[in-house]
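# sequence? don't have it. structure:
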């Protein structure tokens, strides 16, 4: 399967596929402005989901919000199913403590969304992107959240299903003057 890595229960995109399908990411002409990289990253995940024969839905809302709206950046469904098999969040990571906190919040959103879907999603992807040299994310903290669960803002106890796989993906960009270029993608299974 061209462009897919087998690091998880579902295929993950390779950098060559991303650069061929979204050439702006490799062109040296991409400005990091506003939310353009976020939109491109969400498009990468949705397009890749479609190419893997899933029905990929952008801004996939979790059921049962009751004032606590959770929408994953991408949700992948088997075409005959009404529940997703994979949920994805794509977020900037700048190496700061605030950036780490944002990753932890997005991971919690994924875990809570999966619970609201009655644990139908078997793969959760926390995908982060960064440009230039930044500090490494604390993946041990992310693993602890997966393993120990947490209490949501509405007081709900959120626990990961024992058969869920949580993948941490990093899109690493090189900064050249004002432009950024996708250099590589790293994957790590957190749970």
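That came in fine, so what should we check first? Keep in mind that what you see is a predicted model, and the values were worked out from it rather than measured.
# Where is the longest helix in the protein?
The residue-count maximum for a helix in the chain (DSSP state H) belongs to helix 97-116.
# So which bits of that helix are buried?
99-100, 102-104, 106-116 (16 or more other Cβ atoms under 10 Å). Just so you know, the C-beta spots here come from the backbone N, C-alpha and C atoms, and that holds for glycine as well.
# Then stretch 160-169?
Applying 16+ other Cβ under 10 Å to stretch 160-169 flags 160-161, 164-169 as buried.
# what about the helices in this structure?
Applying DSSP H to the chain gives helices spanning 15-21, 36-51, 97-116, 139-148.
# Ok, which of these comes nearest residue 89?
For the helices of the chain, proximity to residue 89 was assessed by Cβ to Cβ; helix 97-116 is nearest, at 4.3 Å.
# now the angle between helix 139-148 and that closest one, please.
Helix 97-116 and helix 139-148 meet at an angle of 20 degrees, taking axes from the mean of the first three to the mean of the last three Cα atoms, to 10 degrees as the criterion.
# Who are the packing partners of helix 97-116?
If contacts are counted by 3 or more Cβ pairs under 8 Å, 6 or more residues apart in numbering; DSSP states H and E, helix 97-116 sits against strand 71-77, strand 84-92, strand 123-131, helix 139-148, strand 157-158, strand 165-176.
# Could you rerun that using 6 Å?
Counting contacts by 3 or more Cβ pairs under 6 Å, 6 or more residues apart in numbering; DSSP states H and E, helix 97-116 is packed against strand 84-92, strand 123-131, strand 157-158.
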